[in-house]
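Visitor: curious how this folds, go ahead:
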Amino acid sequence: MRNAYETDPTTAGCLPAGSRKWELQPAAGALGVSQPTLSRTIKAIESAIGARVFNRDTRNVELTSVGAELRLIATRLVREFDSSLNELAQWVEGQRGQITIAALPSISAVLLPPALVHFRETNPGIDVTVQDSLSQPVLNSVLEGTADFGLDRGSGTFVEAGL
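Guide: A predicted model of the protein is given here:
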């Protein structure tokens, strides 16, 4: 059996399009590819797993038991891929992610709680972590990249980490 990873992962998309019995031409059209391209994809899948996925004649294609099992797996993979792309889009749009704030204990105890309540209401997909630190560790946390930003007593200095 060849390494299944040698097959392009997008080939899994041809399996959920069909049922137990289907025709190549309509399935290819539904996938937006030509019938010869779909035939090559089917052969690549069969070669990658070392078993026949389809029984074919000149007009019809029928899933074998291996094909039926592969279709279940492929459907799960396509669904997971779509979900992953959605998660990534949310992260890119700033709707999902994580922020770490390094702050003096007094700021963490008094000023941050009401601000964080409002932030979490308006940004439910973003997790916030607060690190209580003294002034120099607040600065170091930002400079070392363990905190996204820091809040200290307001020395009037602004330090930008190389982000």
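Visitor: find the centremost residue of this structure, please.
Guide: Closest to where the C-alpha atoms of the chain average out (C-alpha atoms, centre = their mean) is residue 84, at 2.5 Å.
Visitor: secondary structure class for that one?
Guide: Per DSSP: H, G, I helix; E, B strand; the rest coil, the secondary structure class of residue 84 is helix.
Visitor: what distance do you get for it to residue 44?
Guide: Residue 84 sits 23 Å away from residue 44 when distances are taken as C-beta to C-beta, to the nearest Å. Backbone N, C-alpha and C define where each C-beta goes, glycine included.
Visitor: cool, and residue 113?
Guide: The gap separating residue 113 from residue 44 is 57 Å, by C-beta to C-beta.
Visitor: neighbour count: these two, which is higher?
Guide: residue 44 (16 against 11; other C-beta atoms under 10 Å).
Visitor: just the element for that one, please.
Guide: Per DSSP states H and E, residue 44 falls inside helix 35-49.
Visitor: helices or strands up against that helix?
Guide: helix 24-31, strand 54-56, helix 65-92 (3 or more C-beta pairs under 8 Å, 6 or more residues apart in numbering; DSSP states H and E).
Visitor: the same query, at a cut-off of 6 Å, please.
Guide: Contacts defined by 3 or more C-beta pairs under 6 Å, 6 or more residues apart in numbering; DSSP states H and E place helix 35-49 against helix 24-31.
Visitor: having no further points to raise, I will conclude here.
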